[in-house]
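K.L.:
Just a sequence and a predicted model for now, questions to come.
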Amino acid sequence: MAKKKTVSSCDICANFAYNEETEEYECMAYMDEDEVESFLRTKNCPAFHLYDEYGIVRKQN
């Protein structure tokens, strides 16, 4: 039986940005040790912020 792949919210997070020096995507949010431990244990990121490119357009209407 194949393992079920879990979807990470990092893919749609505003803090997940491309680093040109390393040529990789990485989290740009600052988290202290407690937040990192909580994230690794629960997979719920305290720094998650939805990247919504249409948010400004909705505010204009």
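P.N.:
Yep, it's here. Being a predicted model, the structure only gives us computed values, none of them experimental.
K.L.:
which helix in the chain runs the most residues?
P.N.:
Counting residues, the longest helix found in the chain (DSSP state H) is helix 33-42.
K.L.:
mean confidence for that helix?
P.N.:
Here helix 33-42 scores 90 as its mean pLDDT.
K.L.:
Name the residues of it that are buried.
P.N.:
residue 39 (16 or more other Cβ atoms under 10 Å). The C-beta positions use only the backbone N, C-alpha and C, and glycine is treated the same way.
K.L.:
what's the nearest residue to the residue minimising distance to the centre of the chain if we skip its chain neighbours?
P.N.:
Nearest residue to the geometric centre of the chain (Cα atoms, centre = their mean): residue 10, 2.9 Å. Nearest residue to residue 10 in three dimensions, chain neighbours excluded: residue 16, at 4.8 Å (Cβ to Cβ, 6 or more residues apart in numbering).
K.L.:
Now the one you found: phi and psi?
P.N.:
phi -90, psi 100 (degrees, to the nearest 10).
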